[in-house]
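Novice: take this sequence and fold it.
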Amino acid sequence: MERVSCRLIGRMLFQATIVIALFNLLSRVLGLGREVVIAHMFGATAVTDAYLVAFTLPFLFFAILSQALATVVVPVFTEYKTRGQHLEAWKLSSNLINLLFAALTVLTLLGVLAAPLLVTVIAPGLSGETAELAASLTRIMFPVLVFAGLATIFTGFLNANYIFGIPAFSGAVNNVVIIGGALTLGSIYGIQGLAYGTVLGMAAAALVQLPALRRAGFRFKATFDWRHPGVQKVLFLVVPVTVGITISQLYIIVDRFLASMLPEGSIAALNFGTKLIQLPISLFVLALSTAVFPTLTTWVAEGKHHEVADTMRRALRITVLTIVPAAVGLIVLRVPIVQLLFERGAFDERATAMTAIAVMFYSVGLVGFATNIILTRGFYAFQDTATPVKLLSINLFLNLILSVILMGPMGHGGLALASSLSALVNTVLLVWYLDRRLPGIWNVGWLRFMVAVLLASGVMAWATLIANNILTPVMTPFGTFGLVVQVSGAILAGVVAYILSCIALRFEEVYLLKRGSNQILDGVRGFISGRSR
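Specialist: Below is the predicted model:
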């Protein structure tokens, strides 16, 4: 019975991961479309720098408060459900949503009032005109904080109920509205129109989740019960998570603070580079971590530590197996990919070169960025929110030192490389500490596995480079269409070479994916029929 149960749970997780991945793919494609539209209309210019600085401010507060709550509500909500206290679980959710809304509304009002000061602190190197524009855009976009916070905590409660499709779809809705706002309001009001469209997009991402939340059992109640035991536990757990997310957001602040002292367009180049390297993470790693988190918290609550360790190990192997070749591919094809996605309109060859540099150095740490998401979820499943914070504190200090050292000789590329090296160090520390709690997460088999992944990725890089070199002179005369064929052909050659290498090296995960092909179809059918759980 235990083995059958594990197989059923594994199948459910696989289906949920695929459903989330599909909608994440849609969201990320639309997200890239959003960046393409922004790049076409505004380029890597001072205007775009001002927009990104303005967006950094509400996003920083949103990430600190609402993401922290969304992280800790899943294990606490699951704990109530495991004990059969469903009504108390939903009472907890209503309390937390009301408290979050009130807190974010107050912060929004304060942010609007203090916009010029905040811009000066975040990006002191901006010129006077650009700084004034950034302050104006900050006032427009600070309400994003309220809607983003609600959207995130809605997602947390839906995921705790094993509902993954609608929350993943909300990201696509957000991007569609922002693209529409950029093309319509942006054409009329310029960068201010894009700012208004950004606010509307996040509002739509929150509202689209409400019907699913109600179907799951949520009923709104105007309660602000600070003394509810669940609220008290969430507040206790959220403090270290809040500190940790604050530290992680300081990475962005450090980059933009230092990049504001570099040549114009450096902030925008780092932003566009980040969007590209986040794509492979969002397509599968975030989907995997989202799907596995509620199950991990349930197993921890039931004391099934062996199952937790096995699931974590498999999740990490799959992450490495998919992310390492993605990083290698981005390094090899960084210039044509940036050209294909962004080089048009105001985004010129200089912007392409700057963004390609950022992509290359961010890709060095891509496996660290990805595995850190899975590893941190392992700590959170045990309601240990303190250890990741301590390790992030060390890494922030390391990142600052490396950034200052590398930005002189390498410019914005040095800032990207500093972030990558810091992420890899953080991965080592997270594995070290998690292995103490879950022995077996790391073993000697990992060394053989990593060597094999690097070997397969090397074959992929060779095939990708050869295909790109063959296709480039042939397809260049055909403009954008030729660039599409060139990039697609090079990627296809690399993917085929990597898959064949993995089969030759007998990776267990390849055969698992092959046997799971029917489960992919079941997962999609399940979502379409309303069973996206």
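Novice: before we move on, what SS does residue 347 have?
Specialist: For residue 347, the reduced secondary structure class is coil; criterion used: DSSP: H, G, I helix; E, B strand; the rest coil.
Novice: number of nearby residues for it?
Specialist: Burial measure for residue 347: 28 neighbouring residues, criterion other C-beta atoms under 10 Å. For every residue, glycine as well, the C-beta is placed using N, CA and C.
Novice: give me the phi and psi for residue 223.
Specialist: phi -120, psi 140 (degrees, to the nearest 10).
Novice: for it, give its distance to residue 96.
Specialist: When C-beta to C-beta, to the nearest Å is the yardstick, residue 223 and residue 96 sit 10 Å from each other.
Novice: between these two, who's got more neighbours?
Specialist: residue 96 (25 against 14).
Novice: wait, what's in contact with the more buried one?
Specialist: In this structure, residue 96 makes contact with 69, 73, 153, 231, 234, judged by C-beta atoms under 8 Å, 6 or more residues apart in numbering.
Novice: swap the cut-off to 10 Å and go again
Specialist: For residue 96, the set of contacting residues under the criterion of C-beta atoms under 10 Å, 6 or more residues apart in numbering consists of 69-70, 72-73, 76-77, 153, 156-157, 228, 230-231, 234-235, 238.
Novice: gap between residue 325 and residue 445?
Specialist: Here residue 325 is placed at a distance of 20 Å from residue 445 (C-beta to C-beta).
Novice: state the distance from residue 234 to residue 347.
Specialist: When distances are taken as C-beta to C-beta, residue 234 and residue 347 turn out to be 44 Å apart.
Novice: who has more neighbours out of residue 325 and residue 445?
Specialist: For residue 325 versus residue 445, the count of surrounding residues by other C-beta under 10 Å is larger for residue 325: 27 against 11.
Novice: per-residue confidence at residue 78?
Specialist: Looking at residue 78, its pLDDT reads 74.
Novice: residue 166 too?
Specialist: Here, the pLDDT recorded for residue 166 equals 82.
Novice: tell me which residues in the helix or strand encompassing residue 405 are buried?
Specialist: Assignment of secondary structure by DSSP states H and E places residue 405 within helix 387-410. Of the residues in helix 387-410, 387-389, 391-392, 395-396, 399-400, 402-403, 406-407 count as buried by neighbour count, 16 or more other C-beta atoms under 10 Å.
Novice: same question, stretch 287-299
Specialist: For stretch 287-299, by 16+ other C-beta under 10 Å, it's 287-299.
Novice: stretch 307-327 too?
Specialist: 307-327.
Novice: ditto for stretch 484-504
Specialist: Using 16+ other C-beta under 10 Å, the residues of stretch 484-504 that count as buried are 486, 487, 489, 490, 491, 493, 494, 497, 498, 499, 501, 502.
Novice: and if you look at stretch 85-102?
Specialist: If you call a residue buried by 16+ other C-beta under 10 Å, then stretch 85-102 has these buried ones: 88-100.
Novice: if we can go back for a sec, and the average pLDDT for the helix holding residue 405 is what?
Specialist: Along helix 387-410, the predicted local confidence has a mean pLDDT of 86.
Novice: can you list the weak-confidence ranges in the stretch 401-533 of the chain?
Specialist: Flagging of the stretch 401-533 of the chain using pLDDT under 70 yields the residue ranges 509-533.
Novice: actually the stretch 51-200 of the chain, not the one I typed
Specialist: Low-confidence segments of the stretch 51-200 of the chain, defined by pLDDT under 70: 62-67, 69-71.
Novice: tell me where it has strands.
Specialist: Listed from the start of the chain, the stretch 51-200 of the chain has no strands (DSSP state E, counting those that start in this stretch) to report.
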